[in-house]
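# what's the 3D shape of this:
(4 chains)
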2 protein chains.
Amino acid sequence: MAAPTSDCAQFNVYNQGCPARLVLDHLGDKWALLVLDRLRDGPVRFNTIRRDINGVSQKVLSQVLKRLERDGMVARTAFPTVPVTVEYALTELGTTLTARVGPLLHWAEDNMTQIRAAQSAYDERLASAA
Amino acid sequence: MAAPTSDCAQFNVYNQGCPARLVLDHLGDKWALLVLDRLRDGPVRFNTIRRDINGVSQKVLSQVLKRLERDGMVARTAFPTVPVTVEYALTELGTTLTARVGPLLHWAEDNMTQIRAAQSAYDERLASAA
DNA sequence: CCGAATCCTTGACGATACTG
DNA sequence: CAGTATCGTCAAGGATTCGG
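Sure, this is the predicted structure:
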């Protein structure tokens, strides 16, 4: 067995030291990617994100943003207005990550047809077997 | 608001037509990436994967493989020996996906230190606030 | 306006046992 | 060897309510 792309301590995903999980945990997150993508053009306010990303709850968006902030992907700025105004923006780290994710999404778009075809063929085989 | 990398139907992640989800669902999967990575060198048998990926149960590995097969990432080949021998291998689609994920993992490795630093700084700020 | 706190449902995952 | 079937646990996510 050759060396894997990212070691991950003998493939033990439970190992918190695995660097890949640091990023993958965000990718796996149902919303994080959409949030990052929404911030690509510059700072956005909380409720603007909430409105634009259809289906996310306040609680979850709050969690996601907090986590992205903790990981240094997003910067939170609160303006002492009344009522409070809060803006979220990509940090440099977050910007480079978002840039790397782009190609992956493009790959998904480019190969969507193939994936769907594979799924259909698979399902059809199942149906004919039954 | 400019066009996002992947449209996702006005950011509605629930929309199954979103091409990104087709791939992201796999990335979010706790094991799929490890499986894909394990297959990079060529066909591998079920129990070999199971042994090499520490911590995965038969059930889940079975599920993951079936899903990867359905999505056209992995090809399953059963040899009519006694007892049965089954091999899993990356398809061309799976190979290109695995190739695209690599850079992302490298990014994670390269920036792991920064991420950890951000986390520490964040946690420290929380502690001093308390 | 921006969130925190609470309750609740759902489904992912693991352990175990069994089959062709 | 390569799975399927069943059960139990547990945490993520949604709905709602309250606070600064």
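
# how about the strands in chain A?
A:44-45, A:74-79, A:85-90 (DSSP state E).

# low-confidence regions, chain A specifically.
A:1-17, A:130 (pLDDT under 70).

# so which bits of it are right by DNA strand D?
Neighbours of DNA strand D within chain A, by CB under 7 Å from any atom of the strand: A:D29, A:K30, A:W31, A:G55, A:V56, A:S57, A:Q58, A:K59, A:V60, A:Q63, A:P83, A:V84. (C-beta placed from N, C-alpha, C; glycine too.)

# can you redo these as TSV with neighbour count?
As requested, the residues of chain A next to DNA strand D are exported to TSV (neighbours: other CB atoms under 10 Å in any protein chain shown):
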residue	neighbour count
A:D29	19
A:K30	16
A:W31	22
A:G55	14
A:V56	21
A:S57	10
A:Q58	10
A:K59	8
A:V60	15
A:Q63	14
A:P83	5
A:V84	9
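
# ok, and the closest non-adjacent residue to A:A32?
A:H26 (4.5 Å; CB to CB, 6 or more residues apart in numbering or on different chains).

# next, the contact list for the residue nearest to the spatial centre of chain A, please.
The residue lying closest to the centre of chain A (CA atoms, centre = their mean) is A:L33, at 2.5 Å. Taking CB atoms under 8 Å, 6 or more residues apart in numbering or on different chains as the criterion, A:L33 is in contact with A:H26, A:L27, A:V101, B:A20, B:L24.

# tell me the spacing between it and B:G28.
10 Å (CB to CB, to the nearest Å).

# and the lengthiest helix in chain A, what other elements does it pack with?
Using DSSP state H, we find that the single longest helix of chain A is helix A:92-129. Secondary-structure packing of helix A:92-129 (3 or more CB pairs under 8 Å, 6 or more residues apart in numbering or on different chains; DSSP states H and E): helix A:19-28, helix A:32-38, helix B:19-28, helix B:58-70, helix B:92-129.
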